[in-house]
Structure formats: structure tokens, C-alpha cells
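Q: I would like to see how this sequence folds:
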Amino acid sequence: MFEKDIAQLIRGLRAHKGNEREYIQEALKECRKEVKGQDMDQKAAALLKLVYLEMFGHDMSWASFNVLEVMSSQKYLQKRVGYLAAVQSFRPDTEVLMLAENLLKKDLKSADKATMTLPLTTIPHVINPSMANSLLIDLLPRLAHSDPRIRKKTIVTLYRLALVYPETLRPAWPKIKDRLLDDNEDPSVTAAIINVICELGWRRPQDFLPLAPRLFELLTIGGNNWMAIKIIKLFSILIPLEPRLVKKLVPPLTTLIKTTPAMSLLYECINGIIQGGIMETAEGSSESDDIARLCVKKLRAMLVVEGDPNLRYVALLAFAKITTSHADLVSQHQDVILECIDDADISIRTRALDLVVGMVNANNIQTVVERLLRQLRTSGKATASDEPVNDRGIHDGIIPMADEDEHEAMTTIRPKEPKSTQAPPLPDDYRVSVIERILDMCSKDTYASMNDFEWYIGVLLELVKQCPTIMSTSNPGNAIGLELLNVAVRVKAVRLEATTAAQSLLMLDSRLQLFPASTSGGHGVLASAAFIAGEYADMLTDPDAILTSLLHSSSSALPPDVLASYLQTIPKIFVRLAGDQLATWDSSRQSYVILLTARIVHFLEPLTLHPNLEVQERAVEYLDLMRLASEAASNHQTGTESDVPLLLSQAIPTLFSGSELNPVAQAAIRKVPQPEELDIDTPINGDLNMILSQADYDTDYADDDNEVYRMYHEKPTAALAKSQRTAAELLEPRDNSRASSYQDASSGELDLEAVERKKIERRERYKDDPYYIDSDRLSGTSTPMHNILRSANGEELDVDAIPVMELNLDSRDTASDPERARIAKPARKPKRQFEIAADETLGADEPPASLPNQASKLSLARGKKSLLEVDSSGLSALSLAESTDSRNGGTALDYERRRAEEEEMAKAMKEVERLRLEMQRAQERIQPQDADEDGTVVRRKKKKKARVEALSDQPPPDDTVAADEATVKKKKKKKRQEDESQPKEEQSQDVIEDIAPIKTKRKKKRQVVFDEDDAAE
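A: Next up is the predicted model:
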């Protein structure tokens, strides 16, 4: 049967475009049949196809045992395929990995170098803690192998073992250190050791500080740029531990920067100088400035290189690190840095943006911000087709890998399209990032770099126009609004300009243009703009138009936080329009105030049922307040001498007047002393749970006549609002003598006596109020100020005789006068001095609370995954010091302890084997009738001569045999008569020797052997 190989599988996959899934499923079925066969070549070919399909996401863990079979093959080509499949499919928790451990050990001891490299390459991918401890004994001898390739692979494998099981590095480190200190070692092995030390050094650099002389020697010798890069990285970690290394390293690093043609080594030298703190260590000296200038000069050359975006990216990274110590040197190269902001690569633009924030100062902030604003204006907005993953024209062309005879598998792909001259589109997240960076630069250190706040307010208005249309995770509109509010509060000199800017944002026409109904990107700025308009309502140029915009029906659809700010602003502007005490209270003004309250009430009534509780609460409060104001305005008498109702001129304005709003420090709340009588542990009402449960019970059976129920569950109507009791009736006690309310339409017009009585009562009530102006009072007793004027100017004061001069305070109207227009337009705008209000706090200033968090973030950011994507946190607790255990009282190494246990186990096994043999021989002993229980072992002998030879070293002559037997018999009689304290072994020997001759069997004679002799044999 013809079987497909890997090449035919790839050709077939390309030929079945559109039906790849069915073709792959059929290929997997064929592979399942092939790996179950007996032909090892067929198995290897099937595994090779499975490895290829596994890279497409098809699992091959079901073939792990077949992989193990091919790994055990004696043919190198098959074994190599098996190890490749193991690397691709085995994981540390694979079940058959336990069976592969002996195979790995066997191949590690192979005499063939090619076979030995296979397990060295595979172990780093499949190692687990149990295997690491077992394979260490077989890996350590490979460090002394004659082939440098084997030594290099062994060092890398030992590092992977240390990541999985850190204790394995301790016994391996002395041998690795010897390899490093060997001057005759192969450069590839030395480079591998340097690589391992560099990966280990950032966790415990103090263990590698004694290697500094050897590392410095390797750095000065040169010849390997890769090894030099690793050594420089390692020295940047060791410099904080040994500052004297700075003077030693500056000359060779400077030489490398000036002479090396390799851009990678050049960047690493600069990065090593920055990371090692060489500039900060030598700060203030001419040597530090020279090094900084040299580094900045080389980095500028990297930025101007055409066609290599990688160099520009790393150069921007290095520039950003230098700004922490030499920001002035970096700002001198702002021309090339600002060019990177318009780069087509979004990553380069982002890094340039981060760099710009660090190099900004008072001299270049306007230039930098204007450049960023120009980018936002000129660049379009990114669409789905502009994403890099959807771009098919970024290459000059793609050549299919099919064979020439397979024309059906070849597909033509459109070539690269010519570049457009238009600026690249900006995605929304990048736009948000630019806006945030501009705000950070301008507000840094409480506007330390800001010289022109009028320009800054214009920038904020421009940023509102550039907000993305869709709200992102971080809404830039909120940040812009907070900045506008911060400027209005802190800088009094530009408070009028800030209020004017807020007014322009709140106007209905501007709002519909900047914030369409389908978008919500910049709505956050409206909340701050409304707050500014309400807080500084006296500075509004057109408060009536602002109130009209706030009361528009479209305002009800705004976000809850914006709508709540609108509701807070509406009564403040109403006070600005209706609470003027100097205005005459006539019928037209009364109608105007009643109309304003009616519009406000009409806007607030639907919001009393708003789902947001804060909006609902403010709507209910201000709705009752506006109804009360409407009643006061409609019932107040009009006339040329009538004053404004006190509710409009004094009562409502006092709700929003008080101390001036000042900025407060973030840490001020923590410094407020807690009152001694404050008890926050005792509940306010101990029966609160019972009251709430009773309220829930009562709500279920609520009556429709309940006013509270109707308030929260029924929509208010106009008819219902007319039939309700007035606010004055709710606030004042009911008077039975009063015939009817002045708002009741059925009561008719009030008679003149009632009107006169009300005036007398009001005059009597406010006679001691200094702020109440009574039209019926005599002019001589109206106010104390009038008495002063009359005493100074006489009784006859002609007010009309006072000359009146027209003051035109609007600078825009002076343009009609040519002379004033010429003076009002100077050639250069004078520089203004702005006073910025500081944060109010209690006691001494404290450092910001975010500093510890930033330090922890930096430490966490440094502890990322290692190069091999394995958690190396266990290495931080591993010390490579030689006398660590004896000095700290620790236990022996696991490796040494394991060797001692193996030796003890071998001794124990020998002892067990010896005892087993003794027990076996004890079972073979013959117990005579007259012998003791301990008895002796009786063994058969063929000839009597063999017995004699065993008892003596030299064979006796034949004629002396009988004499020896007689002698033995005599000894037996003598020993029987001796004391019984004789050892039992000798007694048993005499007994058995006496019994042996009694047995007359010629062919089968038994020989007596003592226990000691038996053990010796």
C-alpha cells in the first residue's frame, strides 16, 4: 500500500483549498493507522506528519506512547523524529514521560555524539522537578566532554533544570564556574555560560560579583558582540553593588561606542550606561556630561536612519531613559523627536509621545503642543480596513511554496499599493493618549511650565473638538473638563476667559455640533462647564441663552453625571437673572420671572422619576423651590416703587453664596482631627432592620391615596399639579380665619382691606430688616447711607446735575476708533504674570501617596517572565555561596544527601543479602536426635579424602588416615569428660564426628562443617 510522506501531505493540503478540514481529518485517520503498525519507518513518517499537523492546532497527545517507541529506535534518523515529536507534544505532566526517563539516561551515556545531543535538546522542553533531580547525575559528567557542542548544550540544559528545580544549580555551579575561568575554553561554551549568568544575575547579583575581573577581561578582549552585550547587561546589574566599577567600565564602553559598527552593540552600550546609573554616579563632573553628550549624539544618528524602524524605536527608548537625568540635552534634539510623532508606525509614535512629555519645559511647551494638535487636526480617523491585520499590501508580493507543476495550487496576490501622501489615520486609543499627554505636560507640577493660560484655555477648547466619537475606557472629556475647572479656580486672572469658554461649550448650537446625539466621547466636559457657569454666573455674558440651552429637551438625554451638574447650575443662573435687587419690579419683570420658573418647572417635572437617584433628588428639591418662587413672583405687587420679592433677592441667593471656592490638597482630609464625641460604631437606630422590613411590608399593600406612593410610582400631570396645595400652605400653619388661598381661582379678587392688611403685616414683619427696602418709608429715614450723603451735600441735592460720562469697557467696540484700534493691537503680545492658587491643607505638606504604589509597580514590572517563559522566582532564594549551609546552619544539599542515601542503601542491600543467605542455609541444616536446637549443618561428601583436604592445608599421606581417625576418637573420649562449660559448637562437632563413622554407607558420606567455616566458604 502506498503511504504518503510529509511532502505529499503538504502538497495535498495546498491542493484542497476550501476543503482543508476534511482533508486534515482524513490524514489524521491515516496517521492513526500507520502509527499502530510494526514498520518503524512507517511510524516515523506518520509521527512527522502528526508533528506538522500539530502546528495547525490538532492534538497529538494520543500518540505519546508511539512517540516513545520511535525514540527507542536504534536508527538515528528514526530516533531523531521521535525526539522531535517529543519536543512538540510532550509536556511536564505527560504520563509516559516517566517511562522515557531511563531512555534519556541511556542516550546521555551514548558514545555517539549525535545521539547524545538529542536528549540534551529535548530535556529543556519536557523537564519536571522529579526528572531534574534524577537526570542531574547524568548531566554533570557531560560538562567535561571533549566536544564543545556537548558542553554548550549541557550548560543550557542545566539552566533549564535550575528553573524547574533550583537546588540542582548548587552542585553544578562549581563546574560551570571552572569552565568560565578556563582561558582555553571554547568561545561558544563561554558565551553560553555568560548567557546563563546574565539570566541568573538580575535575581541575586551578589553571587556573581566575584566574577567581575573575568567578565571585564572578556569584555576587553572582544570578538563576540553577543557575549559583549550580555556582559554589559550583567555589569549594569553589578554596578549598584560595587560603585568602583564605574571608573573601570567607562573607558572600554566609550571606546565601544565610538568604534563599533554594530548598531546592536552600540545601543546596548548606551543602555548599559543608562541602566547602570553611570551618568547619575558621575553626575556633576565633566566626565558625566561628556558621556551623556556622546550617547545623545549616537542616538540622534539612529533616529535619522532611513528604512530601519527598529533602530528608531530603541533610540526613542534610550532617549526616554536619559530624560530623567539630562532632560536639557534631550530637548536640544526635539526636531528629530517631533518628526517621529508623524511616523507611520504606531509604536514609534507612541514612544515619541512618551518622550515628549519628559523633555517639555517652559520654553518649548507651546511648540510641542501645537505640533501634537496639528497631528490631531490633519490626521483622519482609523477604520477597520486600516488595521495592520487587514492590510494585504504591505509586502511586495508573496510567492506560493507549491511546486511548479501544480498550477492549481498557485494563487496570485495583489502587489503592494503605492503609499498615500495623506497622513496616516489615528486610532481612537491613540487620540486619547495624545490628549492625555497634552494635559499632563501642561498641568505638570501645578502648571510650572505654563506661561500663557489664555492660550491654554484655547488648547482645551480645541481638544474638545478632537475627542473620539466613541467613549473609550478612559473618557478624555472628563479630564479636559477638570482641567478647565482647575484653571478657573486656581488662576483668577483668566477666570473670565474660562467662564466664556464654558459658556461656548454649553450653548445649544455648539453642543449639537461638538457632541452629536449618536456619540458620547466628549460629554464629560459639559459637567465641568456647567459647574463653572453656575459658580461664576455673574461673569456670563449671556446668561439667558445659557439657561435656554440648559433647559432644552435634549438635555434630559445626557449622562446622569452631566445632567446632575445641569440641575445644580439652573437655579444659580435663575438667581443671576431674577434676583437683581436694583431692578424695578414691574409687570414685565414679573411676567419674565414667572415665565422662567414655568420653563424650569416644565423641565424638572419629568426628572423627578429619573432612574438616577442623584438626578431625582436634585430635581425634586429644585422643583419645589421653583414652585415657591413662582408663587412669590405671581403674588407680589408690581409697581414702579415695588421691590423684588425677598425669596428671589435674598432667600434663594443665600443658598448658593458663601466662601470662595479654593483648591484643596488630596491629603488634607486625612489631617482633619476626628471629634472626640464622634461614635461611628454605635448604630444610629437599633431598630433599623425592623423598620425597613415593616416598610417593605407596608409597600406591598400601599394605598393609592398615599402621597409618597404617588410621588415615586405615578407620573405627574398638569391637572394634578394645579390641584395640589401650594408651597406656602405647606410651610405656614393653617389659619382658620383665612377665607381662601390667594392661588384659589374660585375665591375671586381680594378686597382692598385684605391687601392693605397684608401690607401692614409685611411692613411690621420686616421693619427691623436692614436689607428690606420699604417704598412707603420717608427718604430721610430710608438708609444710614442716605443720611451721610445728605449731611455732606446739603438738603437740596440735585441728582440730575451730576455729570455722567459714558464708560465703554468692551475692548471689542473700540475697534471703530482708528486711533484706539491702532493702540489696541500691539506688535507683540505683552507677557502676563499669573498667580496660581496653591492647594489648601492642614499642617505640613506630605509626599503624595502614590509614590509607594509607583515603586511597587516598578518592582513588579521588573519581575516578568524569563527568557524561556518559565517562572524563575525560585532562583531568588537560592544562594551560590560555598559556605552558605555551614554559615547559616542549613542542611546538606539535596544532591549530596541523595548520594549519601544511595551509599547507605547499597550497604543495607548487601547486609540484607547476607542475612538472606544465612537464613537459606539455616533451613538446609540437619538436626540430629541428640543435638541441640542450635545444631550444625551437615553436608554430604563423596570421598573421605575430600574431607581431609578441607580440614588441612596440605594433603596428608594415605597411611596416616587410620591414625588420624584413632586420634579423633581419643579426643572425643577426652572431650566428653571435660567440663560442660565448653562451647556448644565444639560439643556439637564432637557429636557429629562421632556419628559420622557409624553410618556405613560407602557412596554417600557426610562431612561436618562448623558455622564459622560455612560462612568463610
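
Q: Relative to residue 695, how far out is residue 594?
A: From residue 594 across to residue 695, the span is 39 Å (Cβ to Cβ, to the nearest Å). In short, each C-beta sits where N, CA and C put it, glycine included.

Q: ok, the two, which is more surrounded?
A: Using other Cβ atoms under 10 Å, the more surrounded residue of residue 594 and residue 695 is residue 594, with 16 against 9.

Q: list the contacts for the more buried one?
A: Contact analysis of residue 594 by Cβ atoms under 8 Å, 6 or more residues apart in numbering lists 630, 633-634.

Q: got it, and residue 362?
A: By Cβ under 8 Å, 6+ apart, the contact list for residue 362 reads 448-451.

Q: before we move on, back to that, kindly indicate the member of the contacts of residue 594 with the most neighbours.
A: So for the contacts of residue 594 (other Cβ under 10 Å), the most neighbours sit at residue 633, 24 neighbours.

Q: Which strands and helices lie in contact with the helix or strand containing residue 565?
A: Using DSSP states H and E, residue 565 sits within helix 560-578. The criterion is 3 or more Cβ pairs under 8 Å, 6 or more residues apart in numbering; DSSP states H and E, and the helices and strands that helix 560-578 contacts are helix 524-535, helix 543-550, helix 587-604, helix 613-635, helix 652-655.

Q: can we see that at 10 Å?
A: On a contact count with 3 or more Cβ pairs under 10 Å, 6 or more residues apart in numbering; DSSP states H and E, helix 560-578 meets helix 476-490, helix 495-506, helix 524-535, helix 543-550, helix 587-604, helix 613-635, helix 652-655.

Q: Now do the buried residues in the shortest one.
A: Buried residues in helix 652-655, counting neighbours by 16 or more other Cβ atoms under 10 Å, are found at 652-653.

Q: Format the CA atom coordinates belonging to the next helix-or-strand element following that helix as PDB.
A: The first helix or strand that comes after helix 652-655 along the chain, using DSSP H and E, is helix 668-671. Written as PDB, here are the backbone C-alpha positions of helix 668-671 (Å, rounded to 0.1, in the frame of the first residue of the first chain):
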ATOM      1  CA  ALA A 668      -5.900  67.400  53.600                       C
ATOM      2  CA  ILE A 669      -8.900  65.100  54.500                       C
ATOM      3  CA  ARG A 670      -6.500  62.800  56.400                       C
ATOM      4  CA  LYS A 671      -5.300  65.600  58.600                       C
END
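
Q: Please shift the residue numbers so they start at 40 in all later answers.
A: Done: numbering now begins at 40, and the last item shifts to helix 707-710.

Q: Columns distance to residue 655 and pLDDT on top of the contacts of residue 633, output as a markdown table?
A: What follows is those, written out as a markdown table (distance: Cβ to Cβ, whole Å; pLDDT from 0 to 100):
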| residue | distance to residue 655 | pLDDT |
| --- | --- | --- |
| 669 | 21 | 89 |
| 672 | 26 | 86 |
| 673 | 27 | 87 |
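
Q: Relative to residue 107, which of those residues is nearest.
A: Residue 107 has its nearest neighbour among the contacts of residue 633 in residue 669, at 91.3 Å by Cβ to Cβ.

Q: From residue 165, how far off is the nearest residue to residue 94 once chain neighbours are set aside?
A: Leaving out its chain neighbours, the residue that sits closest to residue 94 by Cβ to Cβ, 6 or more residues apart in numbering is residue 127, at 7.7 Å. Residue 127 sits at a distance of 10 Å from residue 165 (criterion: Cβ to Cβ).

Q: Now stretch 77-95: average pLDDT?
A: Averaging pLDDT along stretch 77-95 gives 91.

Q: Quickly note the distance from residue 538 to residue 874.
A: On the measure of Cβ to Cβ, residue 538 and residue 874 end up 18 Å apart.

Q: the more surrounded of those two?
A: Neighbours were counted for residue 538 and for residue 874 using other Cβ under 10 Å; residue 538 has more, 22 against 9.

Q: In this structure that one contacts residue 578, no?
A: Yes - contact status for residue 538 versus residue 578: in contact at 4.3 Å, counting by Cβ atoms under 10 Å.

Q: if we can go back for a sec, reformat the helices and strands packed on helix 599-617 as JSON lines; add distance to residue 248.
A: JSON lines is the format used below for the helices and strands packed on helix 599-617 (distance: least, Cβ to Cβ, whole Å):
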{"stretch": "helix 515-529", "distance to residue 248": "47"}
{"stretch": "helix 534-545", "distance to residue 248": "58"}
{"stretch": "helix 563-574", "distance to residue 248": "53"}
{"stretch": "helix 582-589", "distance to residue 248": "69"}
{"stretch": "helix 626-643", "distance to residue 248": "74"}
{"stretch": "helix 652-674", "distance to residue 248": "61"}
{"stretch": "helix 691-694", "distance to residue 248": "71"}
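
Q: Highest mean neighbour count out of those helices?
A: Of all the helices and strands packed on helix 599-617, helix 563-574 carries the top mean neighbour count, a mean of 26, counting by mean count of other Cβ atoms under 10 Å.

Q: quick one: average confidence on that helix?
A: Helix 563-574 comes out at a mean pLDDT of 91.

Q: Show me what that helix is packed up against.
A: helix 492-504, helix 515-529, helix 534-545, helix 547-553, helix 582-589, helix 599-617.

Q: can you put those in TSV and add distance to residue 246 and mean pLDDT?
A: Listed next are the helices and strands packed on helix 563-574 as TSV, based on distance: least, Cβ to Cβ, whole Å; pLDDT from 0 to 100:
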stretch	distance to residue 246	mean pLDDT
helix 492-504	52	91
helix 515-529	47	91
helix 534-545	60	92
helix 547-553	61	77
helix 582-589	69	91
helix 599-617	56	92
